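1. Only the shape, not the letters, is given here:
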């Protein structure tokens, strides 16, 4: 890695600022991509957001996040699908190739039923995404989030879900924080060849306190980043690499300190 | 489940008290088994501990814990093996059939190398355990603990490790807190038939704050306990069922409140 041509600032890494400030910082520091979160998008509005990124010459690597399919009733599940269609529209308007799917937890104790609702939800959403030229990226989340964010926890499960669909429409997103522990990691990255539509980097800090906010800057934790990046590249993914860090210390850094550090660590560690 | 004949109080559930108090509470409340932790055992000494449980008529379901095999140098790994041999001796003296193995984290970023050290460590320990009539129970830990406690995180990985050995000597321990999220949960419990040497129950509370201390009393969380218990039983495990809860609120309950609650929830929820 000798350039930042694939580098993307995932907006959650700069949670304290709005989209305008994030995009301007990317432009100022030569970071070519930004990943947009929908709660930040809602603050500025879709049209203004589209102008912001276009005027800054920054490309949108993905929109985070669709998904959250499981719900107790068919009516509630239909509301989730509608919201996912809006997310697809937003991705299309922003020129993002990928809508990241965080699939959602079970509404009760029945995680197997929730997984079926995820499969059904993706099946319902996929034709709409295909029409609008947006790829759906199923992101397996770390099993620590199985009860609150995603009943889909492994690369294998995400790949098996994705395989029911055309790879041009449904793929998987590999985030090192969520998958680094998996004994089948490299086998599964290999099996996902042609299906990887996103790659997220950060690091796993030790000791863990709050598992949600435990992500660190690349190089500060225990993840074998270069080995995983190489495997993902060998699986034919050559798109943007998003830096996605939820961490209070990172959030408190001024952007003109954070972005140079992020570039330096990306070049040295990823 | 209409009796507490298989119920075991894992000593970490009553972390605030010593072994004598834990064993007396078991006897007083008709809990037939206790699982002994080595740091608690060290407080009273092995001989006194053996007398305590014998005099109280309480049986020792397991000793927690051996393992922690990976270390940076051969000399350090040898020290770990010696410590494991002492743990085997302790289990034998206490009449515990099982020594629980928490396999340990990687000493660096190379989790694959750590997994090989675990396999090598078990191979070195197994003949000693066999001689003393103690079974080694490989306990996969939740992936949230992969960096700090165990590079072995799934039932599948534990079973694959165990299969290199005689089932009379090496098996696996299924703890619902560690395995409930696994998409291969029931397939893997089934494949482990004849290899399950321990079953631990608690619950996964929502929301998660500190993932180490997030265990709850059975019924207070999202785990499908009865379904998992049935599957483990169908996999031919009919031994003690340990209640293992690390949780400040549980630790602060008086034992004469906690043990009746534990029995009630065991009968209602497990």
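-> In hand now; what should we look at? Remember, it's a predicted structure, so these values are computed and weren't measured experimentally. Numbers count the residues shown, from 1 in each chain, chains lettered A, B, ... in the order given.
2. Do stretch A:177-188 and chain B come into contact?
-> Yes - contact between stretch A:177-188 and chain B is present through A:180-183 (criterion: CB under 8 Å from any CB of the partner chain). For glycine as for every other residue, the C-beta is placed from the backbone atoms N, C-alpha and C.
3. tell me the average confidence for that stretch?
-> If you average the pLDDT over stretch A:177-188, you get 98.
4. who in the stretch 151-270 of chain A is up against chain B?
-> Applying CB under 8 Å from any CB, we find that the stretch 151-270 of chain A lies next to chain B at A:151, A:153-154, A:156-157, A:180-183, A:204, A:206-212, A:221-224.
5. Please list only the buried members of those.
-> A:151, A:153-154, A:156-157, A:180-183, A:204, A:208, A:211-212, A:221-224 (16 or more other CB atoms under 10 Å in any protein chain shown).
6. Restricted to strands, list those.
-> The members of those that map onto strands under DSSP state E are residue A:204.
7. In helices, which of the buried ones among the residues of the stretch 151-270 of chain A next to chain B appear?
-> When DSSP state H is applied, these are split such that A:156-157 fall in helices.
8. ok, and the closest non-adjacent residue to the residue of the stretch 151-270 of chain A found nearest chain B?
-> At 3.7 Å from chain B, residue A:181 is the closest residue in the stretch 151-270 of chain A, using CB to the nearest CB. Sequence neighbours aside, residue B:146 is the residue nearest to residue A:181 in space, at 3.7 Å (criterion: CB to CB, 6 or more residues apart in numbering or on different chains).
9. for residue A:52, same thing?
-> Sequence neighbours aside, residue A:23 is the residue nearest to residue A:52 in space, at 5.1 Å (criterion: CB to CB, 6+ apart).
10. just checking, next helix/strand downstream of the helix or strand where the one you found lies?
-> Residue A:23 belongs to helix A:19-29 when assigned by DSSP states H and E. Heading C-terminal from helix A:19-29, the first helix or strand you meet, by DSSP H and E, is strand A:33-37.
11. Might you report the residue contacts of the residue of the stretch 1-150 of chain A at minimum distance from chain B?
-> With distances taken as CB to the nearest CB, the stretch 1-150 of chain A approaches chain B most closely at residue A:146, which sits 3.7 Å away. Applying CB atoms under 8 Å, 6 or more residues apart in numbering or on different chains to residue A:146 gives the contacts A:105, A:111, A:153, B:180-181.
12. Now for those: which two are most distant?
-> Across the contacts of residue A:146, the two members that end up farthest from each other (CB to CB) are A:105 and B:180, 12.4 Å apart.
13. Note down every partner strand of the longest strand along chain A and its orientation.
-> Looking across chain A with DSSP E, the single longest strand is strand A:59-67. Taking DSSP bridges as the criterion, strand A:59-67 pairs within the sheet with strand A:33-37 (parallel), strand A:98-102 (parallel).
14. next structured bit after the last one?
-> Remark: after strand A:98-102, the chain's next helix or strand is helix A:111-131, criterion DSSP H and E.
15. pLDDT (mean, whole number) over stretch A:13-33?
-> The average of the pLDDT scores along stretch A:13-33 is 98.
16. Just give me how far it sits from the chain centre.
-> Per CA atoms, centre = their mean, to the nearest Å, the displacement of stretch A:13-33 from the mean C-alpha position of its chain is 17 Å.
17. Which positions in the stretch 1-150 of chain A make contact with chain B?
-> For the stretch 1-150 of chain A, the residues in contact with chain B under the definition CB under 8 Å from any CB are A:106, A:108-111, A:115, A:142-144, A:146-148.
18. could you redo the last one with a cut-off of 7 Å?
-> Near chain B, the residues belonging to the stretch 1-150 of chain A are A:109-110, A:142-144, A:146-148 when assessed by CB under 7 Å from any CB of the partner chain.
19. and the helix or strand that the longest strand of chain A is followed by with strand A:98-102, angle?
-> Beyond strand A:59-67 in the direction of the C-terminus, DSSP H and E gives the next helix or strand as helix A:74-94. Between helix A:74-94 and strand A:98-102, the angle comes out at 150 degrees (axes from the mean of the first three to the mean of the last three CA atoms, to 10 degrees).
20. orientation of helix A:74-94 relative to helix A:111-131 in degrees?
-> Between helix A:74-94 and helix A:111-131, the angle formed by their directions is 40 degrees, by the same axes, to 10 degrees.
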